[in-house]
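K.L.:
next comes the sequence, and after it the predicted model I'd like to discuss.
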Amino acid sequence: MKIVQNPESGEVYIKLKNDEVYDVEEHLATLMEFVTKQAVDVHRLTNSYRKLVGRLDELERKL
């Protein structure tokens, strides 16, 4: 994989070993969308984990 720039237009592309070419901006937008969704999922899981730990601590204190 190589990142190449068209000297005439200035556009940047990803060129794969099989000579396929991908538009960086298009794929970057898709990647950012995916990463954002993953970050939201991690945040939700972290909050759920904290709530569970808090509840377990509370139960432990009652025993």
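P.N.:
That came in fine, so what should we check first?
K.L.:
lowest-pLDDT helix or strand in this protein?
P.N.:
Every helix and strand in the chain was compared by mean pLDDT, DSSP states H and E; the lowest is strand 21-23, with a mean of 73.
K.L.:
for the following helix or strand past that one, name the packing helices and strands.
P.N.:
Of the helices and strands lying after strand 21-23 in sequence (DSSP states H and E), the nearest is helix 24-62. Contacting helix 24-62 under the criterion 3 or more CB pairs under 8 Å, 6 or more residues apart in numbering; DSSP states H and E are the following elements: strand 12-15. Where C-beta positions appear, they are placed from N, C-alpha and C, glycine not excepted.
K.L.:
mind listing the strands the strand it packs on pairs with, and their directions?
P.N.:
Paired neighbours of strand 12-15 in the sheet (DSSP bridges): strand 2-5 (antiparallel), strand 21-23 (antiparallel).
K.L.:
closest to residue 56 out of these?
P.N.:
Closest to residue 56 of the strands paired with strand 12-15, according to CB to CB: strand 21-23, at 47.3 Å.
K.L.:
returning to what we had before: give me the contact list for the least confident helix or strand of the chain.
P.N.:
Applying CB atoms under 8 Å, 6 or more residues apart in numbering, the external contacts of strand 21-23 come out as 4, 11, 13-16.
K.L.:
one more time with 7 Å, if that's ok
P.N.:
If you take CB atoms under 7 Å, 6 or more residues apart in numbering as the criterion, strand 21-23 is touched by 13-15.
K.L.:
please identify the deepest-packed of the strands paired with strand 12-15.
P.N.:
Of all those, strand 21-23 has the most neighbours on average by mean count of other CB atoms under 10 Å, namely a mean of 12.
K.L.:
the least confident helix or strand of the chain: how far from the chain's middle?
P.N.:
20 Å (CA atoms, centre = their mean, to the nearest Å).
K.L.:
tell me how many other residues surround residue 19.
P.N.:
Neighbour count of residue 19, defined by other CB atoms under 10 Å: 6.
K.L.:
quick thing: my sequence starts at 2, can you match it?
P.N.:
I'll keep to 2 as the first residue from here, and by that count the last item is residue 20.
K.L.:
how about it, secondary structure?
P.N.:
Per DSSP: H, G, I helix; E, B strand; the rest coil, the local secondary structure of residue 20 is coil.
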